[in-house]
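In: Generate a structure from the sequence data that follows.
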Amino acid sequence: GRAFWIYRYTPDPDRIVCMTTHGRGRLRWAALGSTAEHVVRHARRPVVLVGRHCSPDWPGRLERVLLCNDGKGIDDPAVPVAAQWASALGLPAQVLYVAHPLDTSPDRPPATLDRVVAKLRGEGVDTSAICRVSTYVPGAIADDVGETPATIVVMASHARTGVARVALGSVAMG
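Out: Predicted coordinates:
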């Protein structure tokens, strides 16, 4: 349906797809679906989503690029995207890892994040890493952005569908 038309009218790979999302929860998503999620799942380039709680005013000053990393390290497809946004906007980047409280060292980011920081610094981006401890990853990301505003939040999507999506949820949509 709608996702097809979005692809059809944005064939130029140099263009950015930017769209809003309702940010529905698991059960409402299962019943109603999500055009934004369908686009994210099938897109071969970055998609900018604006959530329903986003302020309509552009920030007075640009703060940072927040890269959410789930421990994939430099294999995360969001790493080069974060580097490009940070470079283009002249902003520092912060790599965020959310650890579960039962992880062996929840107060320390995994070693893979050191490689992400090194990769971004190698691209000329001032970068640091932080770790939060939480059982609810979307909430931890929202808390981080609430405490220290981020101009843009960059993350990859697992593109889960069906039962896996309903059971496990989606951090990107959350």
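In: Can you find the helix or strand in this structure with the smallest mean pLDDT?
Out: helix 162-168 (a mean of 43; mean pLDDT, DSSP states H and E).
In: Could you look up the SS state of the residue lying closest to Pro110 once chain neighbours are set aside?
Out: Nearest residue to Pro110, sequence neighbours excluded (CB to CB, 6 or more residues apart in numbering): Gly71, at 5.2 Å. C-beta here means a position set from N, CA and C on the backbone, and glycine is covered the same way. Here Gly71 is coil, with the state taken from DSSP: H, G, I helix; E, B strand; the rest coil.
In: Quick check: Gly71 touching Ala111?
Out: No. Using CB atoms under 8 Å as the test, Gly71 is too far from Ala111 to be in contact (9.6 Å).
In: between the two, who's got more neighbours?
Out: Neighbour totals were compared for Gly71 and Ala111, and Gly71 leads with 16 against 9 (other CB atoms under 10 Å).
In: dump the residue contacts of that one.
Out: Applying CB atoms under 8 Å, 6 or more residues apart in numbering to Gly71 gives the contacts 97, 110, 112-113.
In: 10 Å - rerun?
Out: Contacts for Gly71 (CB atoms under 10 Å, 6 or more residues apart in numbering) come out as 97-99, 103, 109-113, 116.
In: ok, now Ala93?
Out: 64-67, 79, 82-83, 85-87, 116-117, 120-121, 123, 125-129, 150, 152, 154.
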